[in-house]
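**Student:** dropping the sequence and predicted coords here.
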Amino acid sequence: MHFNVFVEGEFNNIKGVFIDQSYPLRIRCTNCGAPHEKVVVLSDDSVAEGDFKEKVNLSVNCRSCKRMMTLKILKLKEAKKHMLPTKFEDEFKEVWFTDMEKSRFLVSRIETNGAEVMSIESCILNMVSNQDVLFTNADFEDKIVAKCNNLNTISSITRFSLVVELAK
């Protein structure tokens, strides 16, 4: 199964958003339907093995039926590279993010075997303004994110939410 993770909301002066590919999830076993009792952390830096020795990012066993559940973060083929200016004149920072569709940005894709992703508990959010200013580790308390650049231009996301959907 494949799950898409989206950042949804009302975007003002936002060119793109992306998240660090390490985040806490709630999962459920697809064999017996039992939710995993703890939040698990999925990270693209982690390496584990699945049932058939394939490389995955996380492997856990269901406590109820003992089935192995594996999860892997996939590279987003839809993401485009953007070069953002830095404080230094000849230096740029490379970031990757998708285009906005229907008031949301695709920020991650997860492949699972034996597991269903129920929710993402939190994430490290990064956003890029229309002026190519990068804001890292944006705090989204109360479902609002607002940042101001040195030109006093505000970039914001209101009604912020992380949404997980089964991919078609």
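**Tutor:** Yep, it's here.
**Student:** need the contact list for the residue nearest to Val133 when sequence neighbours are not counted.
**Tutor:** Computed as C-beta to C-beta, 6 or more residues apart in numbering, the closest residue to Val133 that is not its neighbour in sequence is Asn149, at 4.4 Å. C-beta coordinates here come from the backbone N, C-alpha and C atoms, glycine included. For Asn149, the contact set (C-beta atoms under 8 Å, 6 or more residues apart in numbering) comprises 129, 131, 133, 155.
**Student:** how close does the last one sit to Glu111?
**Tutor:** Right, Ser155. Relative to Glu111, Ser155 is positioned 32 Å away (criterion: C-beta to C-beta, to the nearest Å).
**Student:** who has more neighbours out of those two?
**Tutor:** Summary of the neighbour comparison: Ser155 and Glu111, criterion other C-beta atoms under 10 Å, with Ser155 having more neighbours (22 against 15).
**Student:** in a strand, the more buried one, correct?
**Tutor:** Yes: membership of Ser155 in a strand is supported by DSSP: H, G, I helix; E, B strand; the rest coil.
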